[in-house]
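Enquirer: Structure of the sequence below:
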Amino acid sequence: METVNIRNDVSFEKKVLLCIYWTARKTVNTEGCAPFYIQKIITPCNNYTRKDRKILKLSSNIISEIQEDSGHFEPTKIEIQIGGENLNAHFENETFSISAEKNKELELEIVDKLGTELKKKHPSTCPQFISRVYKH
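Expert: Numbers count the residues shown, from 1 in each chain. I've put the predicted structure just below:
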């Protein structure tokens, strides 16, 4: 598992979406154009699970719950599947951690890229990807 500290001057919503985006983007390099799915979101209070082949999306309520729990040092876990790779993302306080089931090098690539993006004044994401994983 690799970990990166997340800047305080970026909104929590943007932090979560940025971490999920770069996790997917870096994984595509090894898995190709395989579908991206959030399988589960596990917070200390609730579990959200993908059901009946429907896409599980983040929402402002879920992100608020992640932020509240994270601020109390209670981790949230997001299980992601991209092709044959299963990833576990963890948010806790001001850190993001990622573990990959098959390709451990991928963990370092994701964390390195996030470290680079988080140094930018305006970290980049893809609006089409964000609309696919986040419902307002």
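Enquirer: Lowest-scoring secondary structure element of the chain by mean pLDDT?
Expert: Taking mean pLDDT, DSSP states H and E as the measure, the chain has helix 60-71 as its least confident helix or strand, at a mean of 84.
Enquirer: Show the contacting residues for R50.
Expert: 37-40, 56 (CB atoms under 8 Å, 6 or more residues apart in numbering). For the C-beta atoms, the positions are set from N, CA and C on the backbone; glycine is no exception.
Enquirer: returning to what we had before: which strands and helices sit next to the very next helix or strand once past the least confident helix or strand of the chain?
Expert: Next helix or strand after helix 60-71 toward the C-terminus (DSSP states H and E): strand 76-82. Packing contacts for strand 76-82, counted by 3 or more CB pairs under 8 Å, 6 or more residues apart in numbering; DSSP states H and E, involve helix 12-31, strand 36-42, helix 60-71, strand 85-92.
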